[in-house]
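Colleague: sequence and predicted structure are below.
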Amino acid sequence: MIIRIMAEGQWELADDQVDGLNALDSAVEKAVEGGEEAVFRTALDDLLASVRAQGTEVPVDTLVDSDLILPPSDATIDDVRALLSDEGLIPG
């Protein structure tokens, strides 16, 4: 699965690795719903760091469609609120 972090790049992760991101995604979603800025910032940073650490970066000269798109690390709580679906940022 290809995950894009907006304004940064793409990473390829195995499906089971993506499933493991759901707890981090839930923390982001909960912080957004509660309007908890400090908790949101930590949760988003943790989610993006996990994608970077677990994934293999896709070379910039390789064109592939992204399966999931995550907000950039400098996204605001309102930016992420606009991106959230019923299943958070990561379906599943």
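Modeller: Okay, I see it.
Colleague: okay, now L84: neighbour count?
Modeller: Counted with other C-beta atoms under 10 Å, the neighbours of L84 add up to 15. For glycine as for every other residue, the C-beta is placed from the backbone atoms N, C-alpha and C.
Colleague: contacts only, for the most centrally placed residue in the chain.
Modeller: For the chain, the residue sitting closest to the mean C-alpha position, by C-alpha atoms, centre = their mean, is L70 at 3.9 Å. Contacts of L70 were listed using C-beta atoms under 8 Å, 6 or more residues apart in numbering, and they are I3, R4, I5, M6, L47, L48, V51, L89, I90.
Colleague: same check, this time on V80
Modeller: V28, V32, F40, L44, P71, L89.
Colleague: of all the residues you listed, which two lie farthest apart?
Modeller: F40 and L89 (12.1 Å; C-beta to C-beta).
Colleague: who touches both of these two?
Modeller: V28, V80.
Colleague: could you pull out the strands in the protein for me?
Modeller: 2-5, 9-12, 56-57, 68-70 (DSSP state E).
Colleague: between those strands, which gets nearest to R81?
Modeller: strand 68-70 (14.1 Å).
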